[in-house]
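Enquirer: sharing a model that was predicted from the sequence below.
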Amino acid sequence: MGQKFLESINFKKNKYICFFSRTSDYRNEPPSIRNSSIYTQLKGIKHLCEKDFSAIRMSKLDKNNQLNIKNPKIYDYAYSKKKNDFLDIYLLFNCRYMISTMSGIDWVPKINRKNVLLINFVDIPALYQLNYTPILLPKKIINMHSRKILSYKEVFKKNLMHAHTARATLDSLGYDYLDNSEVEIFNAINEMHEHIINKKPLKNCDLNDKFWTLYEDHYNKPRPKNTFISKDFLIKNSDLFN
């Protein structure tokens, strides 16, 4: 059944990736720091679809956010009339890798040892639990009065980024979050594709080590093995890691 579905949309097994962005619609909850727009992923998704790959947008419930793009290599499964429980699992389980914003949906490809690129990441206290996550792209926190972006040392100290942070809570403290930009996501997707498909190794660097040392010192938890902050993100935001 799964193979026939892929054939019906002219996709090939092992030649597609899945992408996803969390919204408040699934649980009908107040705006959360975990949420982000699916549209900021599209520039990177379109680029990898130029490399003989296809992409499937996943979502259980995302109101009024249909992609409305005509690229035959990008399939908006979230709004498909063929959507069913079996395909929900099959497509994730068999993708080459996944791009996600961290949700329960991520565990399906991981069960099959498929890697997940996490963008717009916020659940900092849970970082030590990550696996099958070679590249990570965290959000940023900004002081609404000074308009200054906080260093990650300050973010950790003030405990401003975790899964249950509501936007209203940050607002009451005088802070807001900044989603990853389209360019940051584009570069992280390219890094992920090069690593997974072309086997380009990920190398540690001083800035990456600084982030994980800050994390270990503050939370007294070990850094996850083989998880790296996006190299481009580190270089362009080097002042946030001191």
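Expert: Here it is on my side, so go on.
Enquirer: low-confidence ranges, the chain, go.
Expert: Scanning the chain for pLDDT under 70 picks out the ranges 24-28, 30, 61-64.
Enquirer: how about the strands of this protein, start to end?
Expert: According to DSSP state E, the chain carries its strands in the segments 16-19, 54-57, 74-76, 98-100, 116-121, 135-138, 140-143, 175-178, 228-229.
Enquirer: now those in CSV, with mean neighbour count and distance to residue 46?
Expert: C-beta here means a position set from N, CA and C on the backbone, and glycine is covered the same way. Formatted as CSV, the strands of the chain follow (neighbours: other Cβ atoms under 10 Å; distance: least, Cβ to Cβ, whole Å):
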stretch, mean neighbour count, distance to residue 46
strand 16-19, 24, 11
strand 54-57, 24, 8
strand 74-76, 20, 7
strand 98-100, 26, 13
strand 116-121, 26, 16
strand 135-138, 23, 18
strand 140-143, 19, 25
strand 175-178, 17, 23
strand 228-229, 22, 24
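Enquirer: residues in contact with residue 124?
Expert: 138, 155, 156, 161, 162, 215, 219 (Cβ atoms under 8 Å, 6 or more residues apart in numbering).
Enquirer: buried ones among the residues you listed?
Expert: Buried members of the contacts of residue 124, counted by 16 or more other Cβ atoms under 10 Å: 138, 155, 156, 161, 215, 219.
Enquirer: quick revisit: of all the strands of the chain, which lies closest to residue 3?
Expert: Residue 3 lies closest to strand 16-19 among the strands of the chain, at 12.4 Å (Cβ to Cβ).
Enquirer: what lines up beside that closest one in the sheet?
Expert: Sheet pairing of strand 16-19 (DSSP bridges) gives strand 54-57 (parallel), strand 98-100 (parallel).
Enquirer: how about CSV for those, with distance to residue 82 added?
Expert: Compiled in CSV, these are given as follows (distance: least, Cβ to Cβ, whole Å):
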stretch, distance to residue 82
strand 54-57, 12
strand 98-100, 20
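Enquirer: among the buried ones among the contacts of residue 124, which lie within helices?
Expert: Judged by DSSP state H, those include 155, 156, 215, 219 as members of helices.
Enquirer: returning to that earlier point: save the buried ones among the contacts of residue 124 as a markdown table, and put in distance to residue 84 too.
Expert: Output for the buried ones among the contacts of residue 124, formatted as a markdown table (distance: Cβ to Cβ, whole Å):
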| residue | distance to residue 84 |
| --- | --- |
| 138 | 34 |
| 155 | 41 |
| 156 | 42 |
| 161 | 35 |
| 215 | 40 |
| 219 | 40 |
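Enquirer: let me know the closest of those residues to residue 185.
Expert: Nearest to residue 185 among these, counting by Cβ to Cβ, is residue 138 at 12.2 Å.
Enquirer: tell me the contacts of the closest one?
Expert: 121, 122, 124, 152, 161, 229, 233.
Enquirer: that older thread, of all the contacts of residue 124, which comes closest to residue 170?
Expert: Among the contacts of residue 124, residue 161 lies closest to residue 170 (Cβ to Cβ), at 9.3 Å.
Enquirer: quick one: the closest one from residue 54, how far?
Expert: As judged by Cβ to Cβ, to the nearest Å, residue 161 and residue 54 stand 33 Å apart.
Enquirer: please apply the same query to residue 74.
Expert: Distance, residue 74 to residue 54, by Cβ to Cβ: 7 Å.
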